[in-house]
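Colleague: would you be able to build a 3D model of this:
(chains A, B, C and D)
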There are 2 protein chains.
Amino acid sequence: MDQAGARREPTMRDVAALAKVSTKTVSRVINGLPGAGQEVVDRVRAAARTLGYRPNLTASSLRRSDRRSATIGVLFEDLSNPFDSALLRAVEDRARQGGVLVLAGSSEDDRALQGELLISLSARRVDGVVVMAAGGHQDALQQERERGTPMVLVDRPPTFGGTDCVTTTNRDSSREAVLQLAALGHRDIAFLGDRRTLWTSQERYTGYLEGLAQAGLTLREELVRTDLHGADLAETATTALLDLDRPPTALFTAQNLVTVGSMRVLRARGLHHRVALIGFDDFPLADMLEPGITVVRQDVPGIGRKAAELIFARIDGDTSPPVHAVVPAALVRRGSGEIAPSAH
Amino acid sequence: MDQAGARREPTMRDVAALAKVSTKTVSRVINGLPGAGQEVVDRVRAAARTLGYRPNLTASSLRRSDRRSATIGVLFEDLSNPFDSALLRAVEDRARQGGVLVLAGSSEDDRALQGELLISLSARRVDGVVVMAAGGHQDALQQERERGTPMVLVDRPPTFGGTDCVTTTNRDSSREAVLQLAALGHRDIAFLGDRRTLWTSQERYTGYLEGLAQAGLTLREELVRTDLHGADLAETATTALLDLDRPPTALFTAQNLVTVGSMRVLRARGLHHRVALIGFDDFPLADMLEPGITVVRQDVPGIGRKAAELIFARIDGDTSPPVHAVVPAALVRRGSGEIAPSAH
DNA sequence: TCCTCCTACGTCAACGTTGACGTAACCGGC
DNA sequence: GCCGGTTACGTCAACGTTGACGTAGGAGGA
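Modeller: Below is the predicted model of the structure:
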């Protein structure tokens, strides 16, 4: 079997020579443009097949007037988070339908890395960028946006103007979750959140506060634990909460890894049937556990589709004012959020 | 905020004009090549910054002799499967370290789609392709390979020659799982597998047969259910198995979605503490269930790293004979696979 | 002093493709 | 037969970049 390197890729010139026409005619045939007779078309097609010719999209987009690379960039934080992978999938799905491929890059919540990735994408002249991991520092994003690259932020709004974004009902759904717990009689509802710098964390915390207020409950500050980035920190925080003199009877975990961490601790202490738990963000098998985990489920495919729709509209020249699309989330009741406070 | 389209991207020519040098000198500075004085370097850098110049990699790779696009393609089947997303992540990780980006495409186990994606990747002149979803029909892959594109298959070996692949110990680990069940006293061990056309399914089935034989058990054909693509089919099959006059006391589920399907049925029937279950492929939260699910865990990051290592070696011109790398899997005992047969 | 070598640039063409434009042949109408 | 229009091609240059090669000027050696 032949190794790469030895053979040169056939070009339009080679096809043209074999079909005894000009390269321009080959171009016309390959692109299905009029101005070529049936006989010539057949000859060119045959020659292309014989040589195994494949058009070079990079050369084409260099010369073309529209300059499209038929490629978009998608930046995410961590593919091992099902939220990210489901979102990537939804965007890729939509892109593929338009013959567009996706350049995927994980920025790992690293500001410098995100900047480098944006430069890499820019160097490849992507038609647009979907950012699923806009951290606190959006300067690189802003810079790229100001260069004219169409951009859509997902999950977090831009800190700069003129850019579309798609988020979910972070605040309203959090409030709804807290109200449900309060309605069951819980008065000591803890909040466990991810980094406070994240917009989503802030929104969900605000929703928590609104829920408490609306239920007529007073905030106990020691029941609020934030900056829990990852399941391990969540475990520590949950342990600390349960060790309080007056521990919470219900937990609202505002991110899926936090939910998992809290779950582990409840389970380890045998409290998973006694302490109520509602998590933000669904995760696989949440329904298989005992009890099933009640969650606020984001419509991830819906968010992905919306993001794709927006980016492609911008790429196609839509210059209407920037949009902040909000895709509703839903409370999915599976048991853990329906546990009433146990009498001490 | 300015919309795309109006402004032209600055080019080397623009930078050259502003810095009052030739484009060639700009090229030298941008690429860090020698042959430019310090003063000129500074002037060019300043001009580039002023204009917001970004090198055009597509034009560059068109002209360059090595023709590298610094981009590889990764084809997968379904990103919502954690196996695929973890693998993509591992490959992307390694690629990024070399300044290489990943063009991601999901082929959804659709032969025509896979062919189209390969053409799309080829049109963008990717330096290599990692295929995590080589279905039964590999003609498109073979064709691409014969054009000289470096290629690595993951999870399944090629049906054609001259191509590297990375798989796990499908057969040995399956045998080990069955032997463990047999050692606990199980004599009626069912096999539930994905599509028979898949190489992995065949290997795992062979391992099952070897395990039975080695344990001195006879095969009961009605305990073998294959072609279970997706959790729904697995549920139906599991139900049918449990309804047999002499139902299995242990299940070996040879794919993670099948495991989930079987689990659901066992759980629905309240048999999850009585029927043993070992699944091939780990999945998130398998340890949180009751009982924890015993699985054969593939070393997914290891497989991804190996695949990336191979593809980059080939891209760098390694012409040594093709490799079939085997990354060992391990049996992770969590409870469900340690249930002894219950007396009827 | 002259020749050689090196450094620091510049000039030119080419990568594979397509937009703009040219032109030869043919067709229909008068 | 001539004119205007259409069809089916071809020619040329350019997209942004870099390899090959040229050259001016200075340093260094005999």
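Colleague: when you work out contacts or count neighbours from here on, use the C-alpha atoms and nothing else.
Modeller: OK.
Colleague: specify the local secondary structure of A:Gly73.
Modeller: strand (DSSP: H, G, I helix; E, B strand; the rest coil).
Colleague: wait, it touches A:Val102, no?
Modeller: Yes. Using C-alpha atoms under 8 Å as the test, A:Gly73 is close enough to A:Val102 to be in contact (5.7 Å).
Colleague: list the contacts of the closest residue to DNA strand D within the stretch 201-344 of chain A.
Modeller: For the stretch 201-344 of chain A and DNA strand D, the shortest gap (C-alpha to the nearest atom of the strand) falls at A:Ile315, measuring 18.1 Å. Going by C-alpha atoms under 8 Å, 6 or more residues apart in numbering or on different chains, A:Ile315 touches A:127-128, A:150.
Colleague: burial count for the closest residue to A:Gln138 other than its chain neighbours?
Modeller: Nearest residue to A:Gln138, sequence neighbours excluded (C-alpha to C-alpha, 6 or more residues apart in numbering or on different chains): A:Thr159, at 6.9 Å. Other residues lying near A:Thr159 total 14 when counted by other C-alpha atoms under 10 Å in any protein chain shown.
Colleague: kindly provide the distance from A:Thr159 to A:Glu77.
Modeller: Distance, A:Thr159 to A:Glu77, using C-alpha to C-alpha, to the nearest Å: 18 Å.
Colleague: buried residues, stretch A:143-156. List them.
Modeller: Under the neighbour-count criterion of 16 or more other C-alpha atoms under 10 Å in any protein chain shown, stretch A:143-156 has A:144-156 buried.
Colleague: where does chain A come near DNA strand C, residue by residue?
Modeller: A:8-13, A:23-24, A:27-28, A:30-31, A:54-57, A:59-65 (C-alpha under 7 Å from any atom of the strand).
Colleague: tell me which element A:Lys210 falls in.
Modeller: Not quite, residue A:210 is Glu, not Lys. Assigned by DSSP states H and E, A:Glu210 belongs to helix A:199-214.
Colleague: which ones, among the residues of chain A next to DNA strand C, also lie beside DNA strand D?
Modeller: Among those, DNA strand D is touched by A:23-24, A:59-60, A:62-64 when using C-alpha under 7 Å from any atom of the strand.
Colleague: now these as JSON lines including pLDDT and neighbour count?
Modeller: Listed next are these as JSON lines, based on pLDDT from 0 to 100; neighbours: other C-alpha atoms under 10 Å in any protein chain shown:
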{"residue": "A:Thr23", "pLDDT": "96", "neighbour count": "17"}
{"residue": "A:Lys24", "pLDDT": "96", "neighbour count": "12"}
{"residue": "A:Ala59", "pLDDT": "96", "neighbour count": "17"}
{"residue": "A:Ser60", "pLDDT": "96", "neighbour count": "15"}
{"residue": "A:Leu62", "pLDDT": "95", "neighbour count": "17"}
{"residue": "A:Arg63", "pLDDT": "94", "neighbour count": "11"}
{"residue": "A:Arg64", "pLDDT": "91", "neighbour count": "11"}
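Colleague: narrow these to those in helices?
Modeller: A:23-24, A:59-60, A:62-63 (DSSP state H).
Colleague: what ranges does the stretch 101-250 of chain A have for its helices?
Modeller: For the stretch 101-250 of chain A, the helices defined by DSSP state H, counting those that start in this stretch occupy A:111-123, A:139-146, A:170-183, A:199-214, A:231-242.
Colleague: sec struct for whichever residue of the stretch 201-344 of chain A sits closest to chain B, please.
Modeller: Proximity of the stretch 201-344 of chain A to chain B (C-alpha to the nearest C-alpha) peaks at A:Leu289, 5.6 Å away. Following three-state DSSP, the label given to A:Leu289 is coil.
Colleague: next one: A:Ala123 from A:Arg68, what distance?
Modeller: From A:Ala123 to A:Arg68 the distance is 13 Å (C-alpha to C-alpha).
Colleague: neighbour count winner among those two?
Modeller: A:Arg68 (19 against 16).
Colleague: quick one: that one and A:Ser61 touch, right?
Modeller: Yes. Using C-alpha under 8 Å, A:Arg68 is in contact with A:Ser61, at 5.8 Å.
Colleague: contacts only, for A:Ser262.
Modeller: A:231, A:234-235, A:238, A:253.
Colleague: pLDDT score for it?
Modeller: Per-residue confidence (pLDDT) for A:Ser262: 96.
Colleague: again with A:Thr197
Modeller: Taking A:Thr197 on its own, its pLDDT is 88.
Colleague: quick one: it from DNA strand C, how far?
Modeller: 46 Å (C-alpha to the nearest atom of the strand, to the nearest Å).
Colleague: distance of that residue relative to B:Arg49?
Modeller: For A:Thr197 relative to B:Arg49 (C-alpha to C-alpha), the value is 30 Å.
Colleague: cool, and A:Ala104?
Modeller: If you go by C-alpha to C-alpha, the gap between A:Ala104 and B:Arg49 works out to 27 Å.
Colleague: same thing with A:Leu289?
Modeller: Look at A:Leu289 and B:Arg49: by C-alpha to C-alpha, they are 55 Å apart.
Colleague: more neighbours, those two?
Modeller: It is A:Leu289, of A:Leu289 and B:Arg49, that has more neighbours when counted by other C-alpha under 10 Å, with 19 against 12.
Colleague: got a list of what the spatially closest residue to the more buried one that is not a sequence neighbour touches?
Modeller: Leaving aside its sequence neighbours, A:Leu289 sits nearest to B:Leu289 (C-alpha to C-alpha, 6+ apart; 5.6 Å). Applying C-alpha under 8 Å, 6+ apart to B:Leu289 gives the contacts A:288-290.
Colleague: so the closest residue to A:Gly105 other than its chain neighbours bridges to which residues?
Modeller: Among residues not flanking A:Gly105 along the chain, A:Leu75 sits closest, at 5.0 Å (C-alpha to C-alpha, 6+ apart). With DSSP bridges as the criterion, A:Leu75 is bridged to A:Gly105, A:Val131.
Colleague: helix, strand, or coil at A:Asp282?
Modeller: Secondary structure, three-state DSSP: A:Asp282 is coil.
Colleague: OK, contacts around it?
Modeller: Counting by C-alpha under 8 Å, 6+ apart, A:Asp282 has contacts A:256, A:295-298.
Colleague: these two touch, right, A:Thr259 and A:Thr253?
Modeller: Yes. At 5.2 Å, A:Thr259 counts as touching A:Thr253 under the criterion of C-alpha under 8 Å.
Colleague: find residues that contact each of these two.
Modeller: With C-alpha under 8 Å, 6+ apart, A:Thr259 and A:Thr253 have common neighbours A:278-280.
Colleague: quick check, nearest of those to A:Pro82?
Modeller: A:Pro82 lies nearest to A:Phe280 out of the shared contacts of A:Thr259 and A:Thr253, by C-alpha to C-alpha, at 13.2 Å.
Colleague: distance of A:Thr218 from A:Asp243?
Modeller: Taking C-alpha to C-alpha, one finds A:Thr218 at 20 Å from A:Asp243.
Colleague: how about the residues of the stretch 201-344 of chain A by chain B?
Modeller: Residues of the stretch 201-344 of chain A lying close to chain B (C-alpha under 8 Å from any C-alpha of the partner chain) are A:264, A:284-285, A:288-290, A:317, A:319.
Colleague: among those residues, the buried ones, what's the PyMOL command?
Modeller: The following PyMOL line selects those of these that are buried, judged by 16+ other C-alpha under 10 Å:
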select buried, chain A and resi 264+285+288+289+290
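Colleague: stretch A:242-257: which residues count as buried?
Modeller: A:242, A:247-257.
Colleague: gap between the two ends of it?
Modeller: For stretch A:242-257, the end-to-end distance is 18 Å (C-alpha to C-alpha).
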